[in-house]
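Colleague: Curious how this folds, go ahead:
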Amino acid sequence: MLSPFKGQTGLKRILNATGYSWDGLRAAFGGEAAFRQLVMLNALLVPLAFLLEVSRGERAILIAVCLLALIVELLNSAVEAAIDRISLERHPLSKNAKDMGSAAQAVTLSMIALVWGVILLG
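Modeller: Okay, here's the model as predicted:
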């Protein structure tokens, strides 16, 4: 069965998608402390990347890994919200899904530390 929300094309689809994206960012910022913390981390690290004497490629990587943490947190929050929408009861599969989302974020944060360390100390 096709979604009743599909079917828009062209500029209308782009405008709708932009609105949905802003809604998602507002929901994450308003309802997810972890997302707000990552925004603050990005507010510190992204400008710092421009102050460091590194190549353009290295600067791009430093910034990309920081932004990746925001992406992973948005996806992690989406998984958690979908699971909570289905049921608030404790279930091993729900726990696994939420734990895997958390693990994805832990890997991403480790990647930030590793990449920044390799570039700055290497």
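Colleague: need the strands for this structure, in chain order.
Modeller: Using DSSP state E, the chain contains no strands.
Colleague: mind showing which ranges of it have poor pLDDT?
Modeller: Counting by pLDDT under 70, the chain has low-confidence residues at 1-2, 4-5.
Colleague: rerun that using 50 as the cut-off
Modeller: Within the chain, not a single segment meets pLDDT under 50.
Colleague: Any idea how many residues pack against Phe50?
Modeller: Neighbours of Phe50 under the rule other CB atoms under 10 Å: 10. Backbone N, C-alpha and C define where each C-beta goes, glycine included.
Colleague: Distance check, it against Glu89.
Modeller: Using CB to CB, to the nearest Å, Phe50 is found at 48 Å from Glu89.
Colleague: Can you give me the separation between Ile71 and Gly117?
Modeller: Note on Ile71: its distance to Gly117, by CB to CB, is 21 Å.
Colleague: Look up how far Gln8 lies from the residue with the shortest distance to the centre of the chain.
Modeller: Nearest to the mean C-alpha position of the chain, by CA atoms, centre = their mean, lies Ile71 at 2.0 Å. Note on Ile71: its distance to Gln8, by CB to CB, is 24 Å.
Colleague: what about the closest residue in space to Asn42 that isn't next to it in sequence, how many neighbours?
Modeller: Taking CB to CB, 6 or more residues apart in numbering, and ignoring the residues beside it in sequence, Asn42 has Cys66 as its nearest neighbour in space, at 5.0 Å. Cys66 has 22 neighbours, counted by other CB under 10 Å.
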